[in-house]
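# Just the structure for this:
(4 chains)
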Protein chains: 2
Amino acid sequence: MASHGARGRSGGRPTLEEVAARAGVGRGTVSRVINGSPRVSEATRAAVEAAVAELGYVPNTAARALAANRTDAVALVVPEPETRFFAEPYFSDMLRGVGAELTDTQMQLLLIFAGSDRERERLAQYLAAHRVDGVLLVSVHADDPLPDLLAQLEIPAVISGPRSAGETLPSVDSDNYGGARSAVEHLMAGGRRRIAHITGRLDVYGAQRRIDGYRDALRDAGLDADEKLIEAGDFTEEGGRRGMARLLQRRPDLDAVFAASDVTAAGARQALREAGRRIPDDVALVGYDDSAIARHMDPPLTSVRQPIQQMGRRMIDLLLTEIADRRPAVSRGLERRQVVLATELVPRASS
Amino acid sequence: MASHGARGRSGGRPTLEEVAARAGVGRGTVSRVINGSPRVSEATRAAVEAAVAELGYVPNTAARALAANRTDAVALVVPEPETRFFAEPYFSDMLRGVGAELTDTQMQLLLIFAGSDRERERLAQYLAAHRVDGVLLVSVHADDPLPDLLAQLEIPAVISGPRSAGETLPSVDSDNYGGARSAVEHLMAGGRRRIAHITGRLDVYGAQRRIDGYRDALRDAGLDADEKLIEAGDFTEEGGRRGMARLLQRRPDLDAVFAASDVTAAGARQALREAGRRIPDDVALVGYDDSAIARHMDPPLTSVRQPIQQMGRRMIDLLLTEIADRRPAVSRGLERRQVVLATELVPRASS
DNA sequence: ATCACCTGTGGGAGCGCTCCCACGGTACCT
DNA sequence: AGGTACCGTGGGAGCGCTCCCACAGGTGAT
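Okay, here's the model as predicted:
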């Protein structure tokens, strides 16, 4: 092995210093060119760029990170087990949007799962080491301690669904309230009057907003908002099946169901089928997410589409702004940092 | 903003130096403790560990990377578009295995897609900057330039399926030959005699090995190896459908099919159904991979299981060894670095 | 002519770590 | 007693960058 002093001397990668020597300028000037500073004359810039090309110079990330105290990396943190990540198209769409928005940047994206305690501990360690400049948090429950940890470490973060109406972190969400309304209004337009709702996890703010939208749509149409028509679910298929079974028992006369997710709707469909109800003849069904499940269901499922990829892009937007704006946290927080994107109802045969 | 000199002085994260002062030892000693060197007395170690705990010290990764010329990160490179990554359980299983093996380490895993030209260029830049200590390459085709690039940059790499019998990179693979044999032998044991094969992509070495296994199993059983019973596929569903249709035309008397993947088998099943053949009564069907598709098919598909998670673990094993062993490339290459793992036939109703 | 103020540039200092050399101390031989 | 070996330890030098200060030279106002 080469001695310490000679480490990487001759055979190694070229350094800023070597580029500077080759271009006949100082180190600082090369740094300016590399980082796109405008304070460089055109001629000098050209000379430096030529030297960079000739030597095949690539900046040393570690040195830059050390000197500038930044990492040029952001993490997408998924507080779920990997299995759910792969099972739900929501995450892959989000990843795609985030990745697309990042290709124009020199930012690196890290995908981190924090489903188990073990993984969460590792993540905490990782964040404590400030190995990323910012964090994207998706699918966070109301009582998750992660946002507080991030605040304490002063790491910029953006959340995909606000935890409450008073969310302090910047967030991007789809219009859960409006989406739910459009689903219920669609069902009413089809002549349905006894419309049930199987909710999502009640500790998820978005699920609450969908309930609100459901209630308000009925109320505004002058229909009785019978609480017996609401059944708590949890976004899973099994939750949908059980909820539907209970609803059928309580209100056998229902003629439509709005499920808080496509997966929930799939469970509901199963229970309806077991009870001998036809879709949509006896009971109309509408889901949420417009995932692959909706298209492949039998019959194809009417669903509320969220622009998930776009949400991913906007999250990156917000995060990069946060990172760039880094300044005393106190002076912030007044700007509009809560983005809400519109949903779209996709009608299919189930309603 | 604080002046440069004072950057991170008071409020910032503690440094090695501060830990050393607190513990009443020198910088070098703290470094030794942090890195688990055995050359530290028990008393000193305890003192340092106490100081680390009290100050909440976390090493600065960038400084370490700069000084030690390593990154403590490895990349899992997927030379496919993201969509395929999420569609095929192969990748997620691999990721899970790799991730599991890495949790005991302080190594960071990066997931990098290199499906488009744009992404590949970004990857090249990334590798040129030596931002990872090693690379895991999955699903590489025979003519992919990536392995050469890695060799040129002298970045340790492990490949998931050898590109040829003379693969120079360390590799981990399942026993494609044996797996194919077991499938064909299983069909013969069930009394089938006219067994067809729909192959995988012919530029994938593993697909070739499956063909070899198929041929040899038939030959050893004294059956004619009729080339008319072999049809080229490409691992896709559509390829399976087309291949099956052609086979039925050419050899309407066939009584079994071995498909090079479960997805291919799904396509074949469709063609068989359209032709009015019953599975397994008229034609027995065996797939490869034992993915979720196999379990959910109607009828459930007999399939050859590969220990994909385990393959991921072994790949990491090999890669970490490569990284640790880093020495002039010339003196290497003699050790056994080609790992082959056994497969297992999972019989179900389709055969 | 003097002053103020730009713009472009060079290079010192410093980021926080690892690596290695040097050194004092102890143990074991001759 | 002297020599040799090793162990544990401290700290200098250096990794390759960014940040900032200083400065030369130009420009325009006074």
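# and chain A, which residues reach DNA strand C?
For chain A, the contact set with DNA strand C under C-beta under 7 Å from any atom of the strand comprises A:1, A:3-4, A:24-29, A:31-32, A:38-41, A:43-44, A:63, A:66-67. From N, CA and C alone the C-beta is placed, and that goes for glycine too.
# Which residues are in contact with the spatially closest residue to A:Val98 that is not a sequence neighbour?
Nearest-residue entry for A:Val98: A:Gly312, 4.1 Å, with adjacent residues in sequence omitted and distances by C-beta to C-beta, 6 or more residues apart in numbering or on different chains. Contacts for A:Gly312 were tallied using C-beta atoms under 8 Å, 6 or more residues apart in numbering or on different chains; they are A:Asp93, A:Met94, A:Leu95, A:Arg96, A:Gly97, A:Val98, A:Gly99, A:Ala100, A:Glu101.
# tell me, which of the residues you listed make contact with DNA strand D?
Of the contacts of A:Gly312, not one also sits near DNA strand D (C-beta under 7 Å from any atom of the strand).
# distance of the closest residue to A:Pro81 other than its chain neighbours from DNA strand D?
Computed as C-beta to C-beta, 6+ apart, the closest residue to A:Pro81 that is not its neighbour in sequence is A:Gly115, at 3.4 Å. Note on A:Gly115: its distance to DNA strand D, by C-beta to the nearest atom of the strand, to the nearest Å, is 36 Å.
# Tell me which stretches of chain A form strands.
A:73-78, A:108-113, A:134-137, A:157-159, A:171-174, A:195-198, A:230-231, A:256-259, A:284-289, A:302-305, A:338-341, A:344-346 (DSSP state E).
# Deepest-packed of the ones you listed, please.
Stretch with highest mean neighbour count among these: strand A:256-259 (a mean of 31; mean count of other C-beta atoms under 10 Å in any protein chain shown).
# What lies in contact with it?
So strand A:256-259 is contacted by A:180, A:183-184, A:187, A:190, A:192, A:194-198, A:214, A:233, A:240, A:244, A:247, A:265, A:268, A:272, A:283-288, A:351 (C-beta under 8 Å, 6+ apart).
# Using a markdown table, please lay out the strands of chain A together with distance to B:Phe85 and mean pLDDT.
Formatted as a markdown table, those follow (distance: least, C-beta to C-beta, whole Å; pLDDT from 0 to 100):
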| stretch | distance to B:Phe85 | mean pLDDT |
| --- | --- | --- |
| strand A:73-78 | 15 | 96 |
| strand A:108-113 | 11 | 95 |
| strand A:134-137 | 19 | 97 |
| strand A:157-159 | 24 | 96 |
| strand A:171-174 | 24 | 96 |
| strand A:195-198 | 32 | 98 |
| strand A:230-231 | 36 | 97 |
| strand A:256-259 | 29 | 98 |
| strand A:284-289 | 20 | 97 |
| strand A:302-305 | 23 | 97 |
| strand A:338-341 | 25 | 94 |
| strand A:344-346 | 25 | 97 |
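# Kindly reformat those strands as CSV and extend each row with distance to B:Ser139.
As requested, the strands of chain A are exported to CSV (distance: least, C-beta to C-beta, whole Å):
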stretch, distance to B:Ser139
strand A:73-78, 23
strand A:108-113, 18
strand A:134-137, 27
strand A:157-159, 33
strand A:171-174, 33
strand A:195-198, 40
strand A:230-231, 44
strand A:256-259, 37
strand A:284-289, 29
strand A:302-305, 31
strand A:338-341, 35
strand A:344-346, 33
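# Which parts of chain A are helices?
A:16-23, A:27-34, A:42-55, A:61-68, A:82-87, A:89-102, A:117-128, A:146-152, A:176-189, A:205-220, A:237-250, A:262-274, A:292-296, A:308-324 (DSSP state H).
# Are the third one and chain B in contact anywhere?
Going back to what we said before, that points to helix A:42-55. No - for helix A:42-55 and chain B, the contact criterion (C-beta under 8 Å from any C-beta of the partner chain) is not met; the two come no nearer than 12.1 Å.
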